[in-house]
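Engineer: coords below, sequence missing:
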């Protein structure tokens, strides 16, 4: 049985754009400076283009896209360049927290704002010396109201903008963008493995490519925008 929001296929991507969409309003200030005021939460937007894949992979993407039913269903959109932090492209094998293997989930998280209104995220329960590099992603997952525990139907992502290294207590503080929405519950999990956010398909920018003589669709474009909810 397919569960939604549905994960994306693991392979087959040739190009992607994965970035933050901000909705800001211009705000003139004294002295002629043109500032900006945020209007609504920033959202993640993405465009993925499939490559010259084997037929099975091509078919998997077409079938996956068909199950989205246009904008009706949701999926877990992610940055294929950051399935794990940059220093750990193949996962966390060999890293430990005490006697236990590290799976990617922090013990606790907290967010503060510095004097310049930059978001600072602190994670605990990490392996000593774990490195978070610039543009690494940190995922947050929590249950929707009334949903069964552990279903994690709500998700968002933060991008590391100031790098950090976990200290001897397994604690690290990094700068992030965008700042976290206020409604993320304290019980949400912060995790470093396959960070993703809930998205819907942007049908106007999504197009399945024609199949070639190998019966493979090369260059299918899939566009998504974050569906951010409490």
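Structural biologist: Sure thing, it's come through. Quick caveat: nothing in here was measured; it's all calculated off a predicted structure.
Engineer: show me the contacts for residue 180.
Structural biologist: 111, 119, 121, 140, 156, 158 (Cβ atoms under 8 Å, 6 or more residues apart in numbering). Quick note: C-beta positions are derived from backbone N, CA and C, even for glycine.
Engineer: Spell out the secondary structure type for it.
Structural biologist: Per DSSP: H, G, I helix; E, B strand; the rest coil, the secondary structure class of residue 180 is coil.
Engineer: if I look at it, how far off is residue 24?
Structural biologist: Using Cβ to Cβ, to the nearest Å, we find residue 180 at a distance of 18 Å from residue 24.
Engineer: how much space between the residue nearest the centre of the chain and residue 100?
Structural biologist: Most central in the chain under Cα atoms, centre = their mean is residue 196, positioned 3.4 Å from the mean C-alpha point. According to Cβ to Cβ, residue 196 stands 24 Å off from residue 100.
Engineer: Can you classify the residue nearest to residue 11 when sequence neighbours are not counted by secondary structure?
Structural biologist: Of all residues not flanking residue 11 in the chain, residue 57 sits nearest, at 6.2 Å (Cβ to Cβ, 6 or more residues apart in numbering). Residue 57 falls in the helix class when you classify it by three-state DSSP.
Engineer: How about the contacts made by residue 57?
Structural biologist: Counted by Cβ under 8 Å, 6+ apart, residue 57 has contacts 9, 11-12, 50.
Engineer: Please tell me I have it right and residue 166 contacts residue 173.
Structural biologist: No. With contacts defined as Cβ atoms under 8 Å, residue 166 does not count as touching residue 173, sitting 9.8 Å away.
Engineer: More neighbours: those two, which one.
Structural biologist: residue 166 (21 against 16; other Cβ atoms under 10 Å).
Engineer: May I have the phi/psi pair for that one?
Structural biologist: Dihedral pair for residue 166: phi -60, psi 130, per degrees, to the nearest 10.
Engineer: Next, work out how far apart it and residue 85 are.
Structural biologist: Distance, residue 166 to residue 85, using Cβ to Cβ: 11 Å.
Engineer: list the residues that contact both of those two?
Structural biologist: Common neighbours of residue 166 and residue 85 (criterion: Cβ under 8 Å, 6+ apart): 130-131.
Engineer: any idea how far residue 81 is from the residue lying closest to residue 6 once chain neighbours are set aside?
Structural biologist: Once flanking residues are discounted, residue 6 sits nearest to residue 75: 4.8 Å by Cβ to Cβ, 6+ apart. Residue 75 is 18 Å from residue 81, where distance means Cβ to Cβ.
Engineer: and residue 100, how many neighbours?
Structural biologist: Neighbour number of residue 100 under other Cβ under 10 Å is 8.
Engineer: Beyond the helix or strand harbouring residue 63, next helix or strand please.
Structural biologist: Here residue 63, judged by DSSP states H and E, is contained in helix 55-67. Where DSSP H and E defines the elements, the next helix or strand beyond helix 55-67 is strand 74-77.
Engineer: Give me the contacts around that next one.
Structural biologist: By Cβ under 8 Å, 6+ apart, the list of residues contacting strand 74-77 reads 4-8, 18, 44, 46, 68, 155, 196-201, 224, 226-227.
Engineer: Note down every partner strand of it and its orientation.
Structural biologist: strand 6-7 (parallel), strand 197-201 (antiparallel) (DSSP bridges).
Engineer: Pull the residues that contact the last one.
Structural biologist: Counting by Cβ under 8 Å, 6+ apart, strand 197-201 makes contact with 5, 44, 46, 65, 68, 70-71, 73-78, 139, 153-157, 222-229, all of which sit outside it.
Engineer: Swap in 7 Å and give it another go.
Structural biologist: 5, 44, 68, 70-71, 74-77, 154-157, 223-227 (Cβ atoms under 7 Å, 6 or more residues apart in numbering).
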